[in-house]
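Enquirer: Okay, here's the prediction I keep looking at, along with the sequence it came from:
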Amino acid sequence: MGPFDLDDATLRRIYDSQISQVMPLHEPEREPCIVLVAAQPGAGKTRAVSDASDAHAGAYALQGDEFRHYHPAYKQVMRADPLRMPAATAQASSRWAEMAMDSLQRQHNSLVLETTMRHPDAVQRTLDRFKTTGYRTEAVIVATPPEQSLMGTMIRYIEQTERNGRGRWVDPSVHDEAVRQMPKTLTEQIAKGGIDHVTITNRAGETLYAADVTPENHSEAIASALRAISEGQRFDRIPPDQRAQWEHDVRHVRAFVGAHPEDAQVARLAARITAPAQARDPGRPQEPRGRLQTPMLEDIREYNAQRRALRDDRPQPPAGARHRLRRTLKRGIPAGGPHEGLARTRQVKKTSRDKALGPYLSRLWNAGLPPHAPPSWISSTLCLRRCRAHRGTTPRYACLKADRTATGAITESAEEARRAGS
């Protein structure tokens, strides 16, 4: 046993006292169904799982990851080493998923399972187990180009590395085995009568093929399903939005390789998937195969420029505005009463009427200040104080604040600012 593995008694106690209490069990269904959602890692199974659960009212999407936080050491591992958490909780979450499957089966409730179909024997045991108890068996295959799914696993690793200093790497051989084995396992199960209905979708959720499987049409179903899988795995057929995301991911990978030349596994994988993908797509310029081109300086500059633009998208102040605004706001609220308050108001009024500063402030307020990284001279409190003449009442001050937490647009215009000073 590993250092975080739990014994059978502890696993059963936690399941009975905590997990089973939140399981959405309901009355037995007349025709329960089990849906296997299959694809290689990084293919985008989340959408297919959600769609399958919605299509079968009451079907529970059984995912072992949902049980990880029940592990007694979960919080400890997350504080000490978040990236170690999946391995530390794998044994417990897998056993709890089996217990949940048993509970759903005893209650005759429908469920949705994720799988890569890498292990044919495990798939057959699962289907036989439910089919013998009256379940309808369905398979949903998410046909995704291998380049896209590999890119998905690599981008996840890069983002984790940039955020935490270390990422969870998916072995490309595991991915490739799933791509090769999935059609074989599907063919074998359809031929044996283990699947009653098969659906092939692409990454965008579009249905490429769907049919009930019977002994009379299983040969036709196999051939049509394999053609649909081949069609969905064509890189040159991805839609424009996925193509744009691919371009963005390629730039991200190149920038990462340029900044982390010591991470050779990313460079090797990027070399493998970018050149073949471009060669398959006749609409793209060809790139040499074999190894990743040295990241071009302009690619890194473009990537960094886009990040800066997203972080700091604001109009630039006119010449001299920064000094005048700092000088105006440097003085605090006068403590001597309304007469000094009126003098303070005239100071703000004069600044607001400045021909260069007024329009800039108006555009800045009407556009809404960006919530991230505003300049220091504007992220402090920006106030326009309004004071009425002393008529036996306490002076009133109205304040507009623009700081790092600003999320809505400030609609005060330059003309209103001038009126506020009067």
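Expert: Arrived safely. Residues are numbered from 1 along each chain as shown.

Enquirer: how about the helices of the stretch 101-250 of the chain, start to end?
Expert: Along the stretch 101-250 of the chain, the segments classed as helices by DSSP state H, counting those that start in this stretch run 120-131, 146-164, 172-191, 218-232, 240-259.

Enquirer: Kindly reformat these as CSV containing distance to residue 79.
Expert: From N, CA and C alone the C-beta is placed, and that goes for glycine too. Conversion of these to CSV gives the following (distance: least, Cβ to Cβ, whole Å):
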stretch, distance to residue 79
helix 120-131, 34
helix 146-164, 13
helix 172-191, 29
helix 218-232, 41
helix 240-259, 27
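
Enquirer: Quick check: buried residues in the helix or strand hosting residue 14?
Expert: In this assignment (DSSP states H and E), residue 14 forms part of helix 8-14. For helix 8-14, burial by neighbour count (16 or more other Cβ atoms under 10 Å) applies to 11, 14.

Enquirer: From the contact counts, what lies against it?
Expert: Applying 3 or more Cβ pairs under 8 Å, 6 or more residues apart in numbering; DSSP states H and E, one finds that helix 8-14 contacts helix 85-106.

Enquirer: what number of residues lie near the spatially closest residue to residue 212 that is not a sequence neighbour?
Expert: Of all residues not flanking residue 212 in the chain, residue 197 sits nearest, at 5.2 Å (Cβ to Cβ, 6 or more residues apart in numbering). Neighbours of residue 197 under the rule other Cβ atoms under 10 Å: 16.

Enquirer: and residue 197, what are its bridge partners?
Expert: Residue 197 has these beta-bridge partners by DSSP bridges: residue 138, residue 212.

Enquirer: for it, what are its contacts?
Expert: Residue 197 sits next to 136-139, 210-213 when contact means Cβ atoms under 8 Å, 6 or more residues apart in numbering.

Enquirer: ok, of those residues, which one's closest to residue 37?
Expert: Comparing the contacts of residue 197 against residue 37 with Cβ to Cβ picks out residue 139 as the nearest, at 8.2 Å.

Enquirer: And the closest one, how far from residue 270?
Expert: Separation of residue 139 from residue 270 (Cβ to Cβ, to the nearest Å) stands at 32 Å.

Enquirer: More neighbours: the two, which one.
Expert: More neighbours surround residue 139 than the other of residue 139 and residue 270, with 27 against 24 (other Cβ under 10 Å).

Enquirer: my read: that one touches residue 199, true?
Expert: Yes: contact criterion Cβ atoms under 8 Å: residue 139 and residue 199 qualify, at 7.2 Å.

Enquirer: CA atoms of the helix holding residue 14 as CSV?
Expert: Extracted C-alpha coordinates of helix 8-14, given in CSV (Å, rounded to 0.1, in the frame of the first residue of the first chain):
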residue,chain,number,x,y,z
ASP,A,8,-11.0,-1.6,3.2
ALA,A,9,-12.7,-0.8,6.5
THR,A,10,-11.8,2.9,6.3
LEU,A,11,-13.0,3.0,2.6
ARG,A,12,-16.3,1.4,3.5
ARG,A,13,-16.8,3.6,6.6
ILE,A,14,-16.3,6.8,4.6
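
Enquirer: That one: what's the following helix or strand?
Expert: Criterion used, DSSP H and E; the element after helix 8-14 is helix 20-22.

Enquirer: what's the following helix or strand after that next one?
Expert: Counting by DSSP H and E, the next helix or strand C-terminal to helix 20-22 is strand 33-38.

Enquirer: contacting residues around that following strand?
Expert: The contact list for strand 33-38 (Cβ under 8 Å, 6+ apart) reads 45, 48-49, 52, 56, 59, 110-117, 123, 126-127, 130, 135-142, 182, 185-186.

Enquirer: Please indicate which of those are buried?
Expert: Judged by 16+ other Cβ under 10 Å, buried ones among the contacts of strand 33-38: 45, 48-49, 52, 56, 59, 110-117, 123, 126-127, 130, 135-142, 182, 185-186.

Enquirer: how many neighbours does residue 64 have?
Expert: 18.

Enquirer: and what of residue 97?
Expert: 18.

Enquirer: so who does it touch?
Expert: Neighbour list for residue 97: 62-64, 67 [criterion: Cβ under 8 Å, 6+ apart].

Enquirer: what do you get for residue 137?
Expert: By Cβ under 8 Å, 6+ apart, the contact set of residue 137 is 33-34, 36, 127, 130-131, 194-197.

Enquirer: Tell me where the stretch 151-300 of the chain is predicted with low confidence.
Expert: The stretch 151-300 of the chain contains residues with pLDDT under 70 at 275-300.

Enquirer: can you pull the contacts of the residue lying closest to residue 34 once chain neighbours are set aside?
Expert: In space, and not counting its chain neighbours, residue 34 is closest to residue 130: 4.7 Å by Cβ to Cβ, 6+ apart. Each residue near residue 130 by Cβ under 8 Å, 6+ apart is listed here: 34, 105, 137.
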